[in-house]
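Q: Coordinates only, no sequence provided:
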Ligand code: SAM
């Protein structure tokens, strides 16, 4: 890492073709790499990996495969969860000296269930630039192929390996009106799906997205209980994303309407309360008006009783 990259090494190749990378400004480049299909690297990622002074990676063997495939000669250093505290000051020193550094993880987008958050935080605090170079990530790849609502999404990374903590997290997520996305390892898939079906509901739509972008890519789309049965006693190979559709919207019932009407009646007259609650619930305004009158009378009789 102490050697400035010689200009001759700032190259990358795609197939038979070799390209020179332009020099880049000092800063930390967060470079996404493929999640299984090397063809998913971006041109900008290659230019950055070729042009930076060194690449901080989780495992030099894994990143070495990528470097070799694209003729990249940039020096590598490791940055992973076990040496991050020791490596961070070195990276900050290099930025201080005006270097350009790329951070990659073994696959996909760094920081997404991967190391890097503290580094980015420290780099920002130290006043250096951070440049994200976007690309593949299993969570978005799974989401866009799942066929579940994509407007509101909660990505929750890996659930705990401990059953109690995992179940607590699922309880917390149960009523969130969003598509939920989790990463999971194949040997915990079956137990996790059982907890999901029990806590989130057996009919809730689920998707197990496996080996995304790879030869054996597969989407299993079914209600959670069916997925439990599909994977019971089965340990599929490869990498997995689990996605779960939002909870079904509950039709408002009479008790909901009463609660909303009573709330509204505290601040507005009967007709406005009926209109507001009708808008919120889709229930008929006339019926709500009649009910609001009853509730109001009930409330004033109670008040009269109290006074007497
Ligand atoms: N940073 C990565 C990203 O942007 O997706 C995720 C890293 S995390 C340590 C690895 C987990 O991501 C795997 O255990 C799996 O849950 C998910 N994953 C990664 N690649 C995948 C793929 N090709 N297909 C399905 N899931 C994948």
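A: Yep, that arrived. Since the structure is predicted, the reported quantities are computational estimates derived from the model, not experimental observations.
Q: Run through the residues of the stretch 151-300 of the chain sitting next to the ligand.
A: 183, 184, 185, 209, 210, 211, 212, 213, 214, 239, 240, 241 (C-beta under 6 Å from any ligand atom). All C-beta atoms are positioned from the backbone trio N, CA, C, and that covers glycine.
Q: Show me just the buried residues among the residues you listed.
A: In terms of neighbour count (16 or more other C-beta atoms under 10 Å), the buried residues within these are 183, 184, 209, 210, 211, 212, 213, 239, 240, 241.
Q: Could you verify my assumption that the last one touches residue 144?
A: No: using C-beta atoms under 8 Å, residue 241 is not in contact with residue 144; the gap is 11.3 Å.
Q: nearest residue to the residue nearest the centre of the chain other than its sequence neighbours?
A: Among the residues of the chain, residue 155 comes closest to the average C-alpha position under C-alpha atoms, centre = their mean, at 3.2 Å. Of all residues not flanking residue 155 in the chain, residue 181 sits nearest, at 4.6 Å (C-beta to C-beta, 6 or more residues apart in numbering).
Q: wait, what's in contact with the one you found?
A: The contact partners of residue 181, by C-beta atoms under 8 Å, 6 or more residues apart in numbering, come to 139, 142, 143, 153, 154, 155, 156, 241, 242, 243.
Q: Out of the residues you listed, which sit inside strands?
A: Those of the contacts of residue 181 mapping onto strands are 153, 154, 155, 156, 241, 242, 243, per DSSP state E.
Q: List just the nearest of the residues you listed to the ligand.
A: Of all the ones in strands among the contacts of residue 181, residue 241 has the smallest distance to the ligand: 4.5 Å, by C-beta to the nearest ligand atom.
Q: Contacts only, for the residue lying closest to that closest one once chain neighbours are set aside.
A: Leaving out its chain neighbours, the residue that sits closest to residue 241 by C-beta to C-beta, 6+ apart is residue 142, at 3.7 Å. Going by C-beta under 8 Å, 6+ apart, residue 142 touches 181, 207, 209, 212, 241, 243.
Q: Could you tell me how far residue 142 is located from residue 287?
A: Residue 142 is 44 Å from residue 287, where distance means C-beta to C-beta, to the nearest Å.
Q: just residue 19 next, same as before
A: 70 Å.
Q: same question, residue 255
A: 15 Å.
Q: and the residue nearest to the centre of the chain, what does it touch?
A: So residue 155 contacts 112, 139, 181 (C-beta under 8 Å, 6+ apart).
Q: try residue 208
A: So residue 208 contacts 189, 193, 218, 219, 220, 227, 230, 231, 236, 240, 241, 242 (C-beta under 8 Å, 6+ apart).
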